Every structure is written in C-alpha cells, then in structure tokens.
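Undergrad: fold the stuff below for me.
(2 chains)
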Number of protein chains: 2
Amino acid sequence: MLVRDLSEEALLRRIVPVLPRGRLTLIAAGDDAAVVNAPDGRVVVTTDVLVENQHFRRDWSSGMDVGRRAAVQNLADIAAMGARPTALVVALVMPGDLPVDWAVGVAEGLAAACGPLGVGVVGGDLSGGPLVVVSVTAHGDLEGAAPVRRSGARAGDVVAHAGVRGWSAAGLDLLLAGRGHLDDELVAAYLRPTSPLDAGPAAARAGATAMIDVSDGLLRDAGRVGRASGVVIDLDRAEDAFGDDLDRLADAAGVLGKLARSWVLGGGEDHGLLATFPPDAVLPEPFRVVGHVRPVPHGGRPGVLVAGAVPDVAPGWDHFGG
Amino acid sequence: MLVRDLSEEALLRRIVPVLPRGRLTLIAAGDDAAVVNAPDGRVVVTTDVLVENQHFRRDWSSGMDVGRRAAVQNLADIAAMGARPTALVVALVMPGDLPVDWAVGVAEGLAAACGPLGVGVVGGDLSGGPLVVVSVTAHGDLEGAAPVRRSGARAGDVVAHAGVRGWSAAGLDLLLAGRGHLDDELVAAYLRPTSPLDAGPAAARAGATAMIDVSDGLLRDAGRVGRASGVVIDLDRAEDAFGDDLDRLADAAGVLGKLARSWVLGGGEDHGLLATFPPDAVLPEPFRVVGHVRPVPHGGRPGVLVAGAVPDVAPGWDHFGG
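TA: Numbering: from 1, shown residues only, chains lettered A, B, ... in the order given. Okay, the predicted model is just below:
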C-alpha cells in the first residue's frame, strides 16, 4: 500500500500509535501542539533535517534506518550542550508512491532511538512532496547544569572524545564503492549511527568547559570549538590518539585505497562528543584524552592543529561545497 | 548570487544576523543547540512544514512571504493551546540555483513575524535539495494557564471565532485563475496570513474550554473539536455568523463563479482561532459567537453541523486526498 492510497488521518492512525510518549510529556501528538515538562525552567532546542539523495538513499536505508538516524543526530546535539533529551517532533515529507510501510518505518526508527531513553515523539506534520524529507526538532533539559557551549575551552584544558571516529565515513565509502557487504559494522555506523548520549550530561557535571557533537568531522568540529573559544585545539597524532580506530578501519581502507587517517580526522556523521575539561577533571566514561588546548601562538589563529602542525587531510564536510 | 556560490558558513553569515534573538532566549543560533527560558516549567511545541509546489509557488511567493507564512502557521498552533509564543527553529532545504536573496528573504519573513512579538528565531539547519522546504518548529509558554485542548468543549458552551474566514482560500483561487490583481487584500491573506495570536492566551484566561487553529477549514477543524470533545459543534447559518465575510468575498466569488459560503466554511489556511467558552464567559477581542455546542443527538455522531443540519459544502483540506 502506498502513501497516496490513504487519507492523512488514516496515515496518522498507522503512525501515531508507534510513537513513544516520553516520561516528561503532558500532551502528546493529536492536538494543535504538544506540551512537555521543562523541569529546569530552560529548554534546549535543536533541529536537523535529512533529505533523500542528499543525506540518504532509499536503496541503502530503510525507513527505520532514516528515522533512527534523524533522531540520533538531533539527540546528539542536545547531549553536546550537556542536556538530557526529553522530546522531539518531526515533519515528514513523502512522495505519494512511497510505501506506507516505509513511512511507518520512519516512526519505528524514531521510536527505537527515543523510547528506551524516555524521550517522547510528541508531534509532527505530514506533507506530500517529490522526495522524502525528515525534519526533526529535539528538546532537552539541563537538569540544573550550565549549558556547555563551544566557546568555553581554555588553554591548559585537556581535549577528550567519546564515541567512534571515522566509522561512518568508512561505511559510506564502502557503500559508494558497492562493497558494503565487506563490513556490516562500518556500514551500520553510517546507516544507524549511535551517540554516547549519557556522556553529554556527565561531561557537564564533570566540569566540561566546551563541547560539540562531531557531525562534520573531527577536524572541522574541533576547529569550531577552537575559533569559538579563541584557542587552538591541538589533537594528538592520530596514531597515538586513535590507534584503535586506525586499526579497525585498516582493512576497509586497504580495499578502497583510502587513508584511514582521513576517515578518522575528516569523516562526518559519527556523532561522537568532543569536549574540553580542566586538566584535573575526572573524565566520565567513555571520554578519553585526545589532545590539549593551547593558547593561540604569536601570529597564529584560533582553530585546530594536529600534534602542533596544520593537518594534512581535508577538514570535513561542507553542505554546499564552495 | 546563487546559494551554490556560497559555502554554508558564508550563507549563515548572511542569514543569522537577520534573525531576532527573542526576549526569553539564553543561547541563540550558533552552538549545537539553543537554550530558551521556559518560565512556566512546561513548554508547548508544534511543527509545520511548507513544501514548494505543494504549499507555495515561487512565482507567487517571495522568500519573505514564505518565511512569514511558515512562522505564522506555527505561531497560530501555539496560540491555539492558549500559550504565548517564545521561540522557533527552522530547517531550510534549498536547491543550489536558488538566489541567495530568496533564502535571506525567508529569514526576513521569519523575523518580520517573530521580532515584534519578542519571539526568537534561535536555530536552524540548512541543506541542499531539489526544491525549497521550510520546516519550522515553534515553542510557547503557558504563563501558568492550563493548556486549552480540542477535547474540552461541553454542551451548552458557545462557539466563537477570531480572525478572517475564507479570505485565504479566495486569494488562492484568484491566483489559480490568474486574477490575483483583482483583490490584493485577499491574495495577501493567502500569501501572508496573519493570526490573532494574542487572542489565544486571552481565551485561556477567559476560560475557553476548547480551541483549535483553523488551518484546514472551519468545518473540518470544528469537526475535529466536536469529535475530540464528544459533542456537536453547531455553527450558525453562514449568512448570520459570517455575513461580513460573505459580503467581502462576494465580488471575487462572482468573478470566479464560486460560492463565498464554500470559502468561508471550507477554505483553509486562514489561521483564525475557533474556541468554545462557557455560556457566561466574557469573550476577549476579537472573538465573536458563531455557534453553540450541542449534545450528540440520539443515533447521531460527534462532529460539526451548520444550523442543526449536515453542511452542504466540502469539508476542507486533506493533505493526501483519499
């Protein structure tokens, strides 16, 4: 059955029952708007959109994959502020010839990512259109903590990372080369990324001075923290800081003739968390030290370096090129 | 200059300065997520998407029109819960050959709708895609009031409406017939709708028992209130309740060979507010009585009637047909 075979209300009757209510939800989907508790008195808000053929392909990703990814990339942005996710809403644009099961799969993917965390999927909007667009807005609660911004890193802090590095880019390159069957785990890291969400609020409690969701590549996102903070984020040599990732990606890199280092330093969409901490902080799991914050050298600029030098790999993803 | 001529960061440097910060915003666009005060301790959330060629045409609407409309239709949903809007975020999908000025226009339209209200535009996401999609999520604060749901109408209540009725549908039909030049005000009601946003919180304070944003037509949305509340929303005869709108639309209806009654009762996207109040309530401006809430008659069903009878015009808009 296709989306065009159902009325909007019939489609909603298939989708809405799949959605988790969430532990802080007062009024869920079905009215003009949802109402969600905001116990902290401040609400954290972020939005991210996935566009068919731009961010995903339907021959690679199921509806459930896309729903899960749309949720995780937004929840990671909430965690990167040091907040705990509470609820999300979704706008779903669909062509009339989309199978209804695919649309319901998006809801199931959102539910799979949100339900176990007590996060509600509390509202949405459906529209026709020539291709699938999934636009999610996520919300979080700071639980009394100060939000962790990109701009708070100070010279002398340690730089730490939680999550995988380069796996998603490696999985994408395998798929692009038609070799996805070689490594299911890397392909899954691209199609169904996970994020160490608990590490976000834990980092805030441990005194993190700055934090960012690594969605556009480690170098590019570290550079953002450096520029926002007016410091240099000096990552350790990839062989020292990310030896396990380099080992893990070596086979795929060999098959494709790529450099594992480029995936680790430049690859996007891993949705790990990069944070800076005072040197005496006790890092929460699974953060580990991957570099140090340096003052901007005389005549230099804020940004990112690797072992004190300008990195020699492409800095990551820009959505419009240029 | 076209969108594809700029990097994402260069495009953001054009767009972000246009956006209003908002009176309750703690952290605006530029970090992983925004932080907005939620003084009530609950946050109201709604999302609505506009898709090119589905909801708007670029030969009719400027970027500013589309931005303004995207904001207003979301703010109206916040008001319909009895809440005051506080902040919104926007995901903007754009083809590479979109003029940069059009994209900046969207931001200007959002700003025009939000800025004067103290509503912030606090975050967003940009993506490439084959056509323009504007997905907005809006937030509101209940200021201590109970949210006004669709389900609270009680037999004996009065039915009241604030806003225009049928003007947007008339404007759209004029445009579709190539006769938009005949009535700028009706065309503007379609391209740049307004909503009596202050009337939402005012209705909550005045004891409104149910409320809905009239986006899919008066009959369809009144029917939703009736079904959610288990009552009949019995609208007065259009000639009695909406005589001013019928007069206003008579010329356009005559030119196009349409019925003004169909626009008033079935036309969508006016973004007025339909509410029910206890019979002794003092209605806040600009609400006026347009009907009464009746018990479901023996053998009947909850929903909508006009002067006690099943309405004889199409009930309004369904996004997928069927």
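
Undergrad: from residue B:241, how far off is the closest residue to chain B within the stretch 151-300 of chain A?
TA: As assessed by C-beta to the nearest C-beta, chain B sits closest to residue A:213 within the stretch 151-300 of chain A, at 5.2 Å. Placement of C-beta: from N, CA and C, glycine included. Computed with C-beta to C-beta, to the nearest Å, the distance linking residue A:213 and residue B:241 is 52 Å.

Undergrad: which one's more surrounded, these two?
TA: Between residue A:213 and residue B:241, residue A:213 has the larger neighbour count (other C-beta atoms under 10 Å in any protein chain shown), namely 27 against 23.

Undergrad: for burial, what's the neighbour tally of the closest residue to residue A:307 other than its chain neighbours?
TA: Excluding its sequence neighbours, the residue lying closest to residue A:307 (C-beta to C-beta, 6 or more residues apart in numbering or on different chains) is residue A:237, at 4.6 Å. When neighbours are defined as other C-beta under 10 Å, residue A:237 has 14 of them.

Undergrad: for the one 5 residues further on, same thing?
TA: Around residue A:242 there are 26 other residues, counting by other C-beta under 10 Å.

Undergrad: do the same with the one 10 residues further on
TA: The number of residues packed around residue A:252, counting by other C-beta under 10 Å, is 23.

Undergrad: that one: what's it in contact with?
TA: With contact set as C-beta atoms under 8 Å, 6 or more residues apart in numbering or on different chains, residue A:252 has these partners: A:170, A:173, A:174, A:182, A:183, A:186, A:258, A:260.

Undergrad: dig out what the residue of the stretch 151-300 of chain A closest to chain B forms beta bridges with.
TA: Per DSSP bridges, the residues bridged to residue A:213 are residue A:273.

Undergrad: my guess is it contacts residue A:196. True?
TA: No. Using C-beta atoms under 8 Å, residue A:213 is not in contact with residue A:196; the gap is 10.5 Å.

Undergrad: which residues do the two both contact?
TA: With contacts taken as C-beta under 8 Å, 6+ apart, residue A:213 and residue A:196 have A:79, A:272, A:273 as neighbours in common.

Undergrad: buried by neighbour count, from those residues: which ones?
TA: Listed as buried from those are A:79, A:272, A:273; burial here means 16 or more other C-beta atoms under 10 Å in any protein chain shown.

Undergrad: and for the second one, nearest residue in space, chain neighbours not counted?
TA: Leaving aside its sequence neighbours, residue A:272 sits nearest to residue A:163 (C-beta to C-beta, 6+ apart; 2.3 Å).

Undergrad: how much space separates the one you found from residue A:283?
TA: 13 Å.

Undergrad: residue A:267 too?
TA: 23 Å.

Undergrad: export stretch A:130-142 as CSV, just CAs?
TA: Only the C-alpha atoms of stretch A:130-142 are listed here, as CSV (Å, rounded to 0.1, in the frame of the first residue of the first chain):
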residue,chain,number,x,y,z
PRO,A,130,8.6,14.8,-4.6
LEU,A,131,11.1,13.1,-2.3
VAL,A,132,11.4,12.1,1.4
VAL,A,133,12.5,14.9,3.8
VAL,A,134,12.6,14.1,7.6
SER,A,135,13.0,17.3,9.7
VAL,A,136,13.4,16.7,13.4
THR,A,137,13.5,19.2,16.3
ALA,A,138,14.7,17.8,19.6
HIS,A,139,14.4,19.2,23.1
GLY,A,140,16.4,18.6,26.3
ASP,A,141,16.6,19.5,29.9
LEU,A,142,19.7,20.9,31.6
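
Undergrad: that stretch close to chain B?
TA: Yes. For stretch A:130-142 and chain B, the contact criterion (C-beta under 8 Å from any C-beta of the partner chain) is met by A:130, A:131, A:133, A:135, A:137, A:138, A:139, A:140, A:142.

Undergrad: again with stretch A:84-96
TA: Yes. Stretch A:84-96 reaches chain B (C-beta under 8 Å from any C-beta) through A:87, A:89, A:90, A:91, A:93, A:96.
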